[in-house]
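J.: Model the following, please.
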Amino acid sequence: MSDSEFVLISSGKNTNLSKSLEYGIMQTNMWNMEEFDGNVKMILNGKALNFNIKINDARCKQDTIFGYPEVAVGKNLMNQDFKGDKEFKISFPARVIDIMNNAIKLSTEFSIINFEPCDLPFNLSYDFWIKDPSSFDMPGEEDYEIMIWLFRNTQKPIGSRTGIEKLRCIMDGKEENVEFSVWVGRGAKWKTITFIMENSNKIKSQSISIFMGDFFKISTKYVENTFLKKSVMGIEFGTEFGNPSKIRTNLEIKLSRLMISINSEDIDLLEYRC
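T.: Residues are numbered from 1 along each chain as shown. This next block holds a predicted model:
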């Protein structure tokens, strides 16, 4: 990786700026903003990706979160490419059954540096869209979104709390079974399944690895039979945040590592060219 620095800054009506990385993209992705006063910065250098977000005023499209600044590989919910400079090791869309049967480990190391106000709703999360691989439309009633929240502050997920699941994770280098609450519901047409690491709001800095296939296997308990016939569009990781009734936002997160291991081969998703 280069030691030089690259900065994306969204402000005003420039709600989504992006940069191609080696295997995907990073993007500011303020999808719910018509226009805003302030800025959303993503600063990538040879050591980390920093999310620096400061919003003073905004005009939102919907009564929900402001956006999802992220790093992503594969395709988005509309089947559009997150096109990187190199070919990724998994061809997306990828069949759900193949994701479940392959050894895919997702690893990150993060620090929550600062957030204001203290009740600011936000999370740090993985996001996966599951749908018909031939569709270029918005997800429909028979499609799915799976989210895995590694940190949250006051934000309520879609739906209701349906269960508790223990899944193996590697926490700061030690493998252990970690409890995740499972929330299921529909905020739009599609069904959303959200895994939230219990007590995650108390751990503001940590290294964690999860096993993607394990979460998809557990998800089969909360879906219909059509789930296994569908495909995963890509892998996205970022921060959802914001509350239209309390616009002023100050949020800073440092992402020191974002890796995918496929059959023991490590891929650095923060790698980029100048």
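J.: which ones are touching the closest residue to residue 67 other than its chain neighbours?
T.: Once flanking residues are discounted, residue 67 sits nearest to residue 30: 3.6 Å by CB to CB, 6 or more residues apart in numbering. In short, each C-beta sits where N, CA and C put it, glycine included. Residues in contact with residue 30 (CB atoms under 8 Å, 6 or more residues apart in numbering) are 10, 15-16, 36, 40, 66-67, 69.
J.: can we see that at 6 Å?
T.: Taking CB atoms under 6 Å, 6 or more residues apart in numbering, we find residue 30 in contact with 10, 15, 40, 67.
J.: now do residue 210
T.: Counting by CB under 6 Å, 6+ apart, residue 210 has contacts 106, 169.
J.: can you check residue 143 too?
T.: 131, 190.
J.: Go again with 7 Å.
T.: 130-131, 190 (CB atoms under 7 Å, 6 or more residues apart in numbering).
J.: On the pLDDT front, check it for me.
T.: In the predicted model, residue 143 carries a pLDDT score of 96.
J.: ok, now how distant is it from residue 226?
T.: 9 Å (CB to CB, to the nearest Å).
J.: do residue 265 as well
T.: Taking CB to CB, one finds residue 265 at 32 Å from residue 226.
J.: Next: residue 185.
T.: From residue 185 to residue 226 the distance is 18 Å (CB to CB).
J.: returning to that earlier point: who's more crowded, residue 265 and residue 226?
T.: Taking other CB atoms under 10 Å, residue 265 and residue 226 do not tie; residue 226 has more neighbours (12 against 8).
J.: Check for me that the more buried one belongs to a strand.
T.: No: checked against DSSP: H, G, I helix; E, B strand; the rest coil, residue 226 lies outside a strand; its state is helix.
J.: quick one: it and residue 140 touch, right?
T.: No: with contact defined as CB atoms under 7 Å, residue 226 does not reach residue 140; the gap is 11.0 Å.
J.: Name the residues contacting each of the two.
T.: Joint contacts of residue 226 and residue 140 (CB under 7 Å, 6+ apart) do not exist.
J.: which one's the longest helix in the chain?
T.: Identified as the longest helix of the chain according to DSSP state H is helix 212-219.
J.: show me what contacts the nearest residue to residue 135 once chain neighbours are set aside?
T.: Spatial nearest neighbour of residue 135, excluding adjacent residues (CB to CB, 6+ apart): residue 79 at 6.4 Å. Contact criterion CB under 7 Å, 6+ apart gives 135-136, 233 as the residues in contact with residue 79.
J.: Generate a markdown table for those residues, with neighbour count and secondary structure as supplementary columns.
T.: Output for these, formatted as a markdown table (neighbours: other CB atoms under 10 Å; DSSP: H, G, I helix; E, B strand; the rest coil):
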| residue | neighbour count | secondary structure |
| --- | --- | --- |
| 135 | 17 | coil |
| 136 | 9 | coil |
| 233 | 28 | coil |
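J.: Include pLDDT and distance to residue 221 when you put those residues into JSON lines, please.
T.: Converted to JSON lines, the contacts of residue 79 look like this (pLDDT from 0 to 100; distance: CB to CB, whole Å):
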{"residue": "135", "pLDDT": "94", "distance to residue 221": "25"}
{"residue": "136", "pLDDT": "96", "distance to residue 221": "30"}
{"residue": "233", "pLDDT": "98", "distance to residue 221": "22"}
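J.: The helix or strand where residue 250 lies: partners in the sheet, and parallel or antiparallel?
T.: In this assignment (DSSP states H and E), residue 250 forms part of strand 249-262. Taking DSSP bridges as the criterion, strand 249-262 forms sheet pairs with strand 49-60 (antiparallel), strand 104-116 (antiparallel), strand 265-268 (antiparallel).
J.: Mind listing what's buried along that strand?
T.: Neighbour counts over strand 249-262 (16 or more other CB atoms under 10 Å) mark 249, 251-255, 257-261 as buried.
J.: Please apply the same query to stretch 72-84.
T.: For stretch 72-84, by 16+ other CB under 10 Å, it's 72-77, 79, 82, 84.
J.: what number of residues lie near residue 28?
T.: Neighbourhood size, residue 28 [other CB under 10 Å]: 27.
J.: mind listing what it touches?
T.: 8, 10, 16-17, 40, 42, 69.
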